[in-house]
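> got a predicted model here, sequence first, then my questions.
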Amino acid sequence: MSGWNLKSVGLPLVGRPLIHGPAASAGPRLGLLCFLCFLWPFFPACSKREPAASTAQVLRISQRNEPVTLDPQLATLPDEYFPARALFEGLTTPAPDGGTPRPGIAERWESSADGLTWTFHLRADAKWSNGDPVTAPDFVYSFRRILTPSLGAAKAPLLFVVRNARAYLRGEVTDFAAVGVAAPADRTLVVTLEHPAAWLPALAATGAWLPVHRPTLVQHGEGRASRWSEAGNLVGNGPYTLAAWNRAQQIELHKNPHYWNRAAVHIPVIRLVMFDNNDAEERAFRAGQLDVTMTVPPARLDHYLKNESTLLRRQPLHETRYLALNTRHGPLADVRVRQALALALDRTALVTNVLKGGQQPTGELIPAGLGGLAPDAPLPVTPDPVEARRLLAEAGFPDGRGFPRLEFSTWTNTPVLEAIQQMWQQNLGITTAITLREGRAHLGALAAGDFDLALMPLIPDYDDPFDAFGEFLSDSPSNYGRWTHAGYDREVIAAGRTLDATTRAARYRAAELILQEEMPAIPLYLSSQNYLVSPRVQGWRSDRLWTRYYTDVSLQD
């Protein structure tokens, strides 16, 4: 989510990543805006009502936060990518059920035997919304733009796996011809990598790889201040076009008549309606003014589970909530202390008694099933206070005596942290404090390493373990705890560059074992999204990485 990887923090949750952080592609992630936006719905505020009555041909979806931009190369928030993915389509698209991405603008692709060269074959019928053909040079232009240093694109590191992409962004290479993207023909795009990456098709489905229409940018401006992505100017290649954007009210999207798969687009108009909080959102849903919400008020969740379960959707997410531990601060530098803190927590009680939203307790930082990865033997999530007290005593703090008062740095109070406080007090005899800071101050403290503990999210940008494991590499800006481990770095980097699936999985399991033994961060639970869908909406889909799918959705009276 600027040096930040806060993809979403809050309860119940809304959100997704900004940038991935593996060694060959480390970069900043979700920053302040993303961090604040995904908890914002749970503060009191006034909602923005839909100004006009909808028709039977209009799908009305909650747009919880106002997008800063619809330029896909400058977007950083899920709130921006929700409409952007309706307006633009990349080489590949995420698969709703995970696994191998689906063909997008590229109808097929293949890689060389060494995994370094990938060739994407573009569809002959792929067009921009003004009727221009979508070509391989369009992608070359788009990659060049997002890697231009003056643009300051936060998600540019998602291209660092491409040969010389990092060097071009840093100004170390000035001739873009040296970057590993080429268009030998209008429908052929060749991508050359720094190292083998079996996960490239999944990476190509991320927002950073969405193309932009060069003539439109040349006309309206290519920089950050350009108005090319405003209504009336924007030319995209996705299933919808931008018809109107009324700030703080709604975004209206119309079916794109030039979209190559327009037969699968059944709804002529989509309205993304702005809401500031989940109570107002639910009231609009119950009044028939909204078809799909973003979440459910926590106080109303039990009602829907018991009485109106057909309206409720519960989407498990590849999102691990964990406690970041500053491994350079006092007793947290001792692995025995970190292990004791983890063993003293009852994760099942956290999700059952505190969260109550379908979250799953977990002992692993990397979500099981991400990119098909499955742990050999998942850690038990039941607490072991006896072993926790033994480890704490061995570290020099019997029954918590002499243990310094640790602080949770946060920008908003949360019942989860309060529950953790109570568990540590009861099981270890130690006390902690929750320090409330203004959002920028909180994030600044994390960046500076001026914190003890912090509740954090881990949400991959794409469906592969490389992204998630990369959060804890020694040189990752997402590694807030300043933990370093040469063996972990070696396993993760080697796994990311290994083509053989069995060998990759073995290396990732070895890396996970190191995380479990060293405990640089304490995994708590896997998040889930609870939201409401009107019975008139048929075929609505979302996935574990916060992707919405706009094709094959229909409305019935």
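All right, it came through fine. Numbers count the residues shown, from 1 in each chain.
> helix/strand/coil for L392?
The three-state label for L392, taken from DSSP: H, G, I helix; E, B strand; the rest coil, comes out as helix.
> list the contacts for D452?
Taking C-beta atoms under 8 Å, 6 or more residues apart in numbering as the contact definition, D452 lies against L325, N326, H329, G330, L332, L406, E407, F408, S409. For glycine as for every other residue, the C-beta is placed from the backbone atoms N, C-alpha and C.
> what's across from the closest residue to it other than its chain neighbours in the sheet?
Leaving aside its sequence neighbours, D452 sits nearest to L406 (C-beta to C-beta, 6 or more residues apart in numbering; 4.3 Å). Judged by DSSP bridges, the bridge partners of L406 are T432.
> ok, L406 - contacts?
Applying C-beta under 8 Å, 6+ apart, one finds that L406 lies in contact with L332, I430, T432, A433, D452, L453.
> most neighbours among the residues you listed, which one?
Each of the contacts of L406 was scored for neighbours by other C-beta atoms under 10 Å, and L453 scores highest at 26 neighbours.
> how near is the nearest residue to it once chain neighbours are set aside to A342?
Counting by C-beta to C-beta, 6+ apart, the nearest residue to L453 once its immediate chain neighbours are dropped is F408, at 4.9 Å. Taking C-beta to C-beta, to the nearest Å as the measure, F408 falls 15 Å from A342.
> can you show me the helices along the stretch 451-557 of the chain?
Listed in chain order, the helices of the stretch 451-557 of the chain (DSSP state H, counting those that start in this stretch) span 465-469, 486-496, 501-518.
> export the ones you listed to JSON lines and tack on distance to G223?
JSON lines is the format used below for the helices of the stretch 451-557 of the chain (distance: least, C-beta to C-beta, whole Å):
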{"stretch": "helix 465-469", "distance to G223": "29"}
{"stretch": "helix 486-496", "distance to G223": "33"}
{"stretch": "helix 501-518", "distance to G223": "40"}
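> pick the most deeply packed of these.
Relative to the other members of these, helix 465-469 carries the highest mean neighbour count by mean count of other C-beta atoms under 10 Å, namely a mean of 29.
> hang on, the earlier thing: just the pLDDT at the residue nearest to D452, thanks.
We have a pLDDT of 95 for L406.
> ditto for the one 3 residues further on
Note for S409: predicted pLDDT of 88.
> where does it sit: helix, strand or coil?
Secondary structure of S409, reduced to three states by three-state DSSP: strand.
> just checking, D346 touches W424?
No. Using C-beta atoms under 8 Å as the test, D346 is too far from W424 to be in contact (11.0 Å).
> more neighbours: the two, which one.
Under the neighbour definition other C-beta under 10 Å, D346 and W424 were set side by side, and W424 has more, 22 against 19.
> from the contact counts, what lies against the helix or strand that contains the more buried one?
In this structure, W424 sits in helix 415-428 according to DSSP states H and E. Helix 415-428 is packed against helix 335-343, helix 385-394, strand 406-410, strand 432-436, with contacts defined by 3 or more C-beta pairs under 8 Å, 6 or more residues apart in numbering; DSSP states H and E.
> one more time with 10 Å, if that's ok
Packed against helix 415-428 by the contact rule (3 or more C-beta pairs under 10 Å, 6 or more residues apart in numbering; DSSP states H and E) you find strand 312-325, helix 335-343, helix 347-349, helix 385-394, strand 406-410, strand 432-436, strand 453-458, strand 521-532.
> let's have those in CSV, adding distance to K255.
As requested, those are exported to CSV (distance: least, C-beta to C-beta, whole Å):
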stretch, distance to K255
strand 312-325, 24
helix 335-343, 51
helix 347-349, 45
helix 385-394, 58
strand 406-410, 43
strand 432-436, 46
strand 453-458, 34
strand 521-532, 24
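> hang on, the earlier thing: which two of the contacts of L406 have the greatest separation?
Considering C-beta to C-beta, no two members of the contacts of L406 lie farther apart than L332 and A433, which are separated by 14.8 Å.
> for the helices and strands packed on helix 415-428, which one sits closest to P157?
Comparison of the helices and strands packed on helix 415-428 against P157 by C-beta to C-beta identifies strand 453-458 as nearest, at 16.8 Å.
> quick one: the helices in the stretch 1-150 of the chain, in order.
Secondary structure of the stretch 1-150 of the chain, counting by DSSP H, counting those that start in this stretch: helices at 32-37, 78-87, 136-146.
> who touches the helix or strand A167 falls within?
A167 belongs to helix 165-169 when elements are defined using DSSP H and E. Residues from elsewhere that reach helix 165-169, judged by C-beta atoms under 10 Å, 6 or more residues apart in numbering: 24-27, 143-144, 146-149, 151-153, 156-160, 162, 172-176, 178-181, 191, 193-194.
> redo that, cut-off 6 Å
Outside of helix 165-169, the residues within contact range by C-beta atoms under 6 Å, 6 or more residues apart in numbering are L147, P149, A156, L159, F160, V173, V179.
> tell me what angle the next helix or strand after that helix forms with helix 136-146.
The C-terminal neighbour of helix 165-169 among helices and strands, as given by DSSP H and E, is strand 181-185. Using axes from the mean of the first three to the mean of the last three C-alpha atoms, to 10 degrees, the inter-axis angle of strand 181-185 relative to helix 136-146 is 160 degrees.
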